[in-house]
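Novice: The following block contains a protein sequence and its predicted model.
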Amino acid sequence: MNVKVKEKLKRISGNIDIFNPYILIFFILIFILIAIPMLYFSDELPRPSFQVYIYILLGIIFFIIGIKFPKILSKLSKKFNNKLKILEKVKTPKLKSLPSFKLNNNSKFQNNGKNFKKYEFIVLSLVIIGILLQVINFILIGGIPLFSGFLKAEAATKIWLFSYIFFIIGINILLAKYNRKIYYLLLLIGLGLFALTGYRTTPIAILLSSFITLYYSRTLKLKYQILFVIIIIFLMTIIGFIAVQSIEWQHWRLNALELISYRAGFTLNILDRTIPLAGSTHGELFYYTITGFFKSVDPRVLVGEAVLGESHSITSTIFGPTILDFGLLGMIIQMFLIGFILKMLHIIQKHLKGLAIAIYGIILGQTMIWIETGPTDIVVWFFYILGIIVIIYYLYNLDYYYHNYKKYENNKELKNNNK
């Protein structure tokens, strides 16, 4: 009986696409549930008004409309509908890379008796450069930021930014396209280094994106999926707690789990306070999100100044910054576009695999983190721009892919007939 139950569960789990864009709604609800103990069963924080939940509901509704929009667009545009139909016909992971990334297949590098194609070598180099840059960053700031609030304040340098971009893009492409055990070791090394910065978002983004990438490019056993979830929860709890306790000018009496609930509840309270201030920053937050890193301006500090009147780095959920900048309409447009872009990438990676899986994994993972932090990091907008480029490129080159797919299928059929 147990064997039959296990087989049935395996069959059911195999038919469920866990990381489709709708998972973002699940994480928004989980975030609210985490906040409830501190908001409604503690005197630590005031309860947010009911309007905060109305705004969240509106955001979710327009996010769903964005997810549904490719289907709506296919009914309105015959050309777009034909593109989707061609895409659905490609059902093999054999077509792994963008045509523009193709290099001379005869040129190979030797590594311990194994062949490395140039493309793989270039991507591997990006990962190693990312790791080395992070080590250099620690040396230049003079220590490990995880154990010092002063060092943590200095850790997000330009070197850190490029280190993170190189590493997360490179490691996800390697995991999506090449099945080498050494890349799992590189993943752990990078994960450890970014955890030492004291920021929760970067190591969790690396874990989430690699989890999503492996989920779509490998057949991950249920036990490994559970292991990833446990590690993510552990990192989120421990890194956040150690980093907060290491801030010399703050003193907390909450334990690690209470602190997570407090952070979520406090962020919801900030969202509640942004709603009456809708449109008050007139696009300033978005402008400094794009340019502020290079001008030493933190958009989250601007959120703190606008909402609390204090120069503190404050998170306001995925909805807050856009509400402050452009009001309810801006938030609706943002959620619609996020849903649409994620759905298009999800459709493309499902059929074309390879690079598309890596980009989808990175963007979905980063967007999950946005639920708390909000879209106030230039690196995430960079990934979204990259995602839009990937969507346009793949749709433009679908005929090319379909031609190669048919050629591959015909050659396979000829070989089978000759046997």
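Specialist: Alright, I've got the coordinates. Numbering: from 1, shown residues only.

Novice: Give the next helix or strand downstream of the host helix or strand of residue 349.
Specialist: Assignment of secondary structure by DSSP states H and E places residue 349 within helix 320-352. Reading on from helix 320-352 to the C-terminus, the next helix or strand found by DSSP H and E is helix 355-373.

Novice: what's the angle from that following helix to helix 320-352?
Specialist: 160 degrees (axes from the mean of the first three to the mean of the last three CA atoms, to 10 degrees).

Novice: was I right about residue 216 contacting residue 357?
Specialist: Yes - at 4.7 Å, residue 216 counts as touching residue 357 under the criterion of CB atoms under 8 Å. C-betas here are computed from N, CA, C, even on glycine.

Novice: For the two, list the residues in contact with both.
Specialist: Residues touching both residue 216 and residue 357 by CB atoms under 8 Å, 6 or more residues apart in numbering: 176, 349.

Novice: So which of those two has more stuff around it?
Specialist: Higher neighbour count among residue 216 and residue 357: residue 357, with 28 against 21, using other CB atoms under 10 Å.

Novice: Report the separation between residue 388 and residue 49.
Specialist: Residue 388 sits 36 Å away from residue 49, going by CB to CB, to the nearest Å.

Novice: Residue 338: what's it in contact with?
Specialist: 24, 63, 66, 367.

Novice: how does it look with 10 Å?
Specialist: 21, 24, 59, 62-63, 66-67, 318, 363, 367, 370, 375, 384 (CB atoms under 10 Å, 6 or more residues apart in numbering).

Novice: Next up, phi/psi of residue 143, please.
Specialist: Main-chain torsions, residue 143, degrees, to the nearest 10: phi 160, psi -170.

Novice: per-residue confidence at it?
Specialist: Note for residue 143: predicted pLDDT of 81.

Novice: Looks like it contacts residue 197 (just checking).
Specialist: No - counting by CB atoms under 10 Å, residue 143 stays clear of residue 197, with 11.2 Å between them.

Novice: which residues do those two both contact?
Specialist: By CB under 10 Å, 6+ apart, the residues touching both residue 143 and residue 197 are 151, 155.

Novice: Looking at these two, which has the bigger crowd around it?
Specialist: Taking neighbours as other CB under 10 Å, residue 143 and residue 197 compare with residue 197 leading, 26 against 14.

Novice: isn't there a helix covering the more buried one?
Specialist: No - judged by DSSP: H, G, I helix; E, B strand; the rest coil, residue 197 forms no part of a helix; its state is coil.

Novice: quick one: it and residue 135 touch, right?
Specialist: No - taking CB under 10 Å as the definition, residue 197 is not a contact partner of residue 135, at 11.7 Å.

Novice: joint contacts of the two?
Specialist: residue 163.

Novice: Lowest average confidence across helices and strands of this structure, where is it?
Specialist: In the chain, no helix or strand scores lower on mean pLDDT, DSSP states H and E than strand 108-111, which sits at a mean of 38.

Novice: What's the per-residue pLDDT of residue 237 here?
Specialist: The predicted local confidence for residue 237 is 63.

Novice: For the stretch 201-350 of the chain, give me the ranges with low pLDDT.
Specialist: Low-confidence segments of the stretch 201-350 of the chain (pLDDT under 70): 220-224, 233-256, 293.

Novice: Check the stretch 51-200 of the chain too.
Specialist: 90-116, 147-149, 152-153.

Novice: sorry, back to before: helices - which of the contacts of residue 338 land there?
Specialist: Among the contacts of residue 338, the residues falling in helices (DSSP state H) are 24, 59, 62-63, 66-67, 363, 367, 370, 384.

Novice: could the residues you listed go into CSV alongside neighbour count?
Specialist: Output for the ones in helices among the contacts of residue 338, formatted as CSV (neighbours: other CB atoms under 10 Å):
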residue, neighbour count
24, 24
59, 25
62, 19
63, 26
66, 23
67, 23
363, 24
367, 23
370, 21
384, 20
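
Novice: Now render those as TSV, adding distance to residue 171.
Specialist: Shown next, in TSV, are those (distance: CB to CB, whole Å):
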residue	distance to residue 171
24	23
59	31
62	33
63	28
66	28
67	27
363	15
367	18
370	21
384	19
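
Novice: out of the residues you listed, who's nearest residue 329?
Specialist: When the ones in helices among the contacts of residue 338 are ranked by distance to residue 329 (CB to CB), residue 62 comes first, at 10.3 Å.

Novice: which residues touch the closest one?
Specialist: Residue 62 sits in contact with 331-339, where contact means CB under 10 Å, 6+ apart.

Novice: run the last query once more with 6 Å
Specialist: 332, 335-336 (CB atoms under 6 Å, 6 or more residues apart in numbering).
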